[in-house]
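> what follows is a predicted protein model with its sequence.
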Amino acid sequence: MPTPTDAAGSEPGAAASSAPTPVIEFVDVEKSFGNNVVLKDLNFQVARGERVTLIGPSGSGKTTILRLVMTLEELTGGYIYIDGQPLTHHKRDGKRVPVSKKEQKRLRTRIGMVFQQFNLFPNMTVLENIIEAPIHVLGRSKKDAIAKAHSLLEQVGLPEKADSHPSSLSGGQQQRVAIARALAMDPEILLLDEVTSALDPEVVDDVLNILREVADTTNVTMLIVTHEMGFARDVSHKVMMFDGGHVVEEGPPDKIFTNPEQERTRKFLSAVLGH
Ligand SMILES: Nc1ncnc2c1ncn2[C@@H]1O[C@H](COP(=O)(O)OP(=O)(O)OP(=O)(O)O)[C@@H](O)[C@H]1O
């Protein structure tokens, strides 16, 4: 299977550097919906174990970035690499050559995503929701998948809900199941897309505390879109401010939240933080 190194001089990005291969790399990424160019010439890297929060005005493309990594949106230009492997297209002699579906599926198994709207399978029990992909995608034995699911249900504080259906759970409980389901795949990369935005305020902290613990106890790489700036500050190594399809500025949360360099970042933060 070709890697950036195999295709030296052809694939862009990580191959040119002697630094460790980034776990996520965007190279000249463009994403359009019809005539609406949402992302243009977007370049950034996320290192292994790094937790990066994306901030920026509504419509700046934050969710689109996560959905591109999850291959839920079609990439219209440029390249995305996961662990140095092209996710959707190789660069060969300046041309974009699609990656095989099989290879794309293999890379996708390393990535988990938690959505704003939980997206649990309504006809399955909580346990079935959690074991489905480990068994059918990873080929894990049913016994092992069930054992891991029970341990994850303990971790998210819902050990007694294994046989319940999602419709009988509160929003906060459904989101905790969705986190357990994502973790059941042992993802290298966890994408969190506004995971508390659809929740009642009183359960937001329950969900964020589970994610804080995941951040504290694992080395999973995280790409986070959230309006919870306290959470972003606690868990992120880096905050990236997007606007107009580009990274406006990036840096450690303390720097970005207290002393941003760009006027656009200052304006955005004063609007969301109310000062
Ligand atoms: N499936 C789609 N079809 C057409 N346009 C889309 C689609 N998904 C997103 N867009 C457009 O892409 C742009 C970026 O949307 P996106 O949801 O990524 O922004 P965002 O920064 O996450 O915004 P918010 O903070 O409001 O969630 C918007 O102009 C949006 O209308």
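Received the coordinates, thanks. Numbers count the residues shown, from 1 in each chain.
> can you give me the neighbour number for L269?
19 (other Cβ atoms under 10 Å). Bear in mind the C-beta positions are built from the backbone N, C-alpha and C, glycine included.
> mind listing what's buried in stretch 122-138?
Neighbour-count burial for stretch 122-138 flags T125, V126, L127, E128, N129, I130, I131, E132, A133, P134, I135 (criterion: 16 or more other Cβ atoms under 10 Å).
> likewise stretch 210-230?
So stretch 210-230, judged by 16+ other Cβ under 10 Å, has buried residues 210-211, 214-215, 220-226, 228-229.
> mind listing the strands for the chain?
Listed in chain order, the strands found in the chain under DSSP state E are 24-33, 36-46, 51-55, 77-82, 85-86, 89-92, 95-98, 111-114, 189-193, 221-225, 238-243, 246-251.
> L54 bridge partners, please.
As for beta bridges, L54 partners with V225, M240 under DSSP bridges.
> run through the residues that contact it.
Counting by Cβ atoms under 8 Å, 6 or more residues apart in numbering, L54 makes contact with K62, I65, L66, L223, I224, V225, V239, M240, F242.
> mind doing that once more with 10 Å?
Applying Cβ atoms under 10 Å, 6 or more residues apart in numbering to L54 gives the contacts 44, 60-63, 65-66, 193, 223-226, 232, 236, 238-242, 247, 250.
> with V195 instead?
113-118, 175, 178-179, 182, 204, 207-208, 210-211, 224-226, 228, 231.
> filter those residues to the buried ones?
Neighbour-count burial within those applies to 113-116, 118, 175, 178-179, 182, 204, 207-208, 210-211, 224-226, 228, 231; the criterion is 16+ other Cβ under 10 Å.
> for the protein, which segments count as helices?
Along the chain, counting by DSSP state H, helices occupy 62-69, 101-108, 126-136, 142-155, 171-183, 201-217, 229-235, 253-258, 263-273.
> okay, the angle between the longest one and helix 171-183?
Which is helix 201-217. Going by axes from the mean of the first three to the mean of the last three Cα atoms, to 10 degrees, helix 201-217 is angled at 20 degrees with respect to helix 171-183.
> returning to what we had before: need the helices of the chain in CSV with distance to P20 and mean pLDDT, can you?
Shown next, in CSV, are these (distance: least, Cβ to Cβ, whole Å; pLDDT from 0 to 100):
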stretch, distance to P20, mean pLDDT
helix 62-69, 19, 96
helix 101-108, 18, 92
helix 126-136, 28, 97
helix 142-155, 29, 97
helix 171-183, 24, 96
helix 201-217, 20, 94
helix 229-235, 21, 94
helix 253-258, 22, 94
helix 263-273, 28, 91
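> closest one to T53 among those?
Among those, helix 229-235 comes nearest to T53, with 4.1 Å by Cβ to Cβ.
> packing partners of the closest one?
Helix 229-235 sits against strand 51-55, helix 201-217, strand 221-225, strand 238-243, helix 253-258, helix 263-273, with contacts defined as 3 or more Cβ pairs under 10 Å, 6 or more residues apart in numbering; DSSP states H and E.
> pull out the buried positions in stretch 33-48.
For stretch 33-48, by 16+ other Cβ under 10 Å, it's V38, L39, K40, L42, F44, Q45, V46, A47.
> quick one on the thing from earlier: how about JSON lines for the buried residues of stretch 210-230, with distance to L273 added?
Output for the buried residues of stretch 210-230, formatted as JSON lines (distance: Cβ to Cβ, whole Å):
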{"residue": "I210", "distance to L273": "24"}
{"residue": "L211", "distance to L273": "21"}
{"residue": "V214", "distance to L273": "25"}
{"residue": "A215", "distance to L273": "22"}
{"residue": "V220", "distance to L273": "27"}
{"residue": "T221", "distance to L273": "27"}
{"residue": "M222", "distance to L273": "22"}
{"residue": "L223", "distance to L273": "22"}
{"residue": "I224", "distance to L273": "17"}
{"residue": "V225", "distance to L273": "17"}
{"residue": "T226", "distance to L273": "13"}
{"residue": "E228", "distance to L273": "11"}
{"residue": "M229", "distance to L273": "6"}
